[in-house]
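Peer 1: quick one, fold the following:
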Amino acid sequence: MAIPNSLKRPLYRIYEQRLNASLDRDALPNHIGVIHDGHRRYARAERLQDYAASYRVGMAKFVEFLGWTADLDIPAVTCWLLSIENLARPDEELLPYYGVLMEMFDRIPETPAGRDVTVRFIGSLDLLPADLVEATKLLQERCSTGSRRVTIALAYGGRQEIVDAVRELVGKLAADGVPADEIANCIDRDAISARMYASDIPDPDLVLRTSGEARLSGFLLWQAAYAEYSFVDVYWPAFRRIDFLRALRDFTKRERRYGK
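Peer 2: You can find the predicted model right below:
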């Protein structure tokens, strides 16, 4: 017999409280990367009238998620909300999503999730509509002095980030007068790392992806080389604090080897 929702809710609250209390705060990640996957499948599973309804649920969850990370004093979060590949989707999918993003960016500073955060956007923003780009600039201006870092990846691709970093490095070396036959000797890991889009924050300790897909799809390819991964089998709009706490609990129990 199925457990009624009226009974499930208090049971979930008890379980959530136990998970939260059991976490080793000293072992929590300093930087979490998140791939917010599964909006369209959630819309179909829930028989929503359109994708826009699913996007709104997902972006409300995004704001809620930022609050969860604030409650746990996670210093940095990088959230992938739109890939370069996503830009190939039809306008009937993209335009409603752009609208929901702009609504959310306008609302974030007025929510608890927008307190004490510095927001930065990374990606090929020049590929996005002008009104969406303007919304990103306004959010960055309104959330520019907080101690916690929230990085939002839009029109982002990990391979493109590496290409851009190498191009910038080679251009700088050439401008400094380094001979062409010596440039290759000046390209190393540290020099490339320093030119990543958000090089002033530590590499992610944990990368979390929802919807059950067990792949990175190009997310933070350079930075996540030694990260731990958590693939959660729920769509992003249905992601719960319990799911987040479970992922953190599992992370704190892992022995990190950093490739050794």
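Peer 1: could you point out which element follows the longest helix belonging to the chain?
Peer 2: The helix that spans the most residues within the chain, counting by DSSP state H, is helix 51-71. Stepping forward along the backbone from helix 51-71, the first helix or strand reached (DSSP states H and E) is strand 76-80.
Peer 1: okay, now residue 37: neighbour count?
Peer 2: Neighbouring residues of residue 37 were enumerated by other C-beta atoms under 10 Å; the total is 22. From N, CA and C alone the C-beta is placed, and that goes for glycine too.
Peer 1: my guess is it contacts residue 211. True?
Peer 2: Yes - look at residue 37 against residue 211 with C-beta atoms under 8 Å: they come within range, at 4.0 Å.
Peer 1: roughly how far is stretch 138-153 from the heart of the chain?
Peer 2: In terms of C-alpha atoms, centre = their mean, to the nearest Å, the gap separating the centre of stretch 138-153 from the centre of its chain is 13 Å.
Peer 1: then stretch 225-237?
Peer 2: Going by C-alpha atoms, centre = their mean, the spacing between the C-alpha centre of stretch 225-237 and its chain's C-alpha centre is 11 Å.
Peer 1: which stretches of the stretch 101-250 of the chain form helices?
Peer 2: Chain-ordered helices for the stretch 101-250 of the chain, with DSSP state H, counting those that start in this stretch as the definition, fall at 130-142, 158-175, 180-183, 189-193, 241-253.
Peer 1: for the second one, packing partners?
Peer 2: Think helix 158-175. helix 180-183, helix 189-193 (3 or more C-beta pairs under 8 Å, 6 or more residues apart in numbering; DSSP states H and E).
Peer 1: so what touches the longest helix of the chain?
Peer 2: 32, 34, 36, 39-40, 42-43, 46, 48, 77, 79, 81, 93, 96-97, 99-101, 103-104, 107-108, 111-117, 148, 150, 236-237, 239, 241, 244 (C-beta atoms under 8 Å, 6 or more residues apart in numbering).
Peer 1: chain center to it: distance?
Peer 2: Put simply, helix 51-71 sits 12 Å off its chain's centre (C-alpha atoms, centre = their mean).
Peer 1: what comes up buried for that helix?
Peer 2: Burial within helix 51-71, assessed by neighbour count using 16 or more other C-beta atoms under 10 Å, is assigned to 51-59, 61-62, 64-66, 68-70.
Peer 1: what separation is there between residue 119 and residue 240?
Peer 2: Between residue 119 and residue 240 the computed distance is 24 Å (C-beta to C-beta, to the nearest Å).
Peer 1: which of the helices of the stretch 101-250 of the chain sits closest to residue 224?
Peer 2: Relative to residue 224, the nearest member of the helices of the stretch 101-250 of the chain by C-beta to C-beta is helix 158-175, separated by 8.4 Å.
Peer 1: what angle do that closest one and strand 76-80 make?
Peer 2: Here the directions of helix 158-175 and strand 76-80 differ by 110 degrees (axes from the mean of the first three to the mean of the last three C-alpha atoms, to 10 degrees).
Peer 1: in helix 158-175, what counts as buried?
Peer 2: By 16+ other C-beta under 10 Å, the buried positions in helix 158-175 come out as 158, 160-162, 165, 169-170, 173.
Peer 1: need those in CSV (columns: distance to residue 226 and pLDDT).
Peer 2: As requested, the buried residues of helix 158-175 are exported to CSV (distance: C-beta to C-beta, whole Å; pLDDT from 0 to 100):
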residue, distance to residue 226, pLDDT
158, 15, 97
160, 22, 97
161, 17, 98
162, 16, 98
165, 18, 98
169, 22, 98
170, 26, 97
173, 27, 97
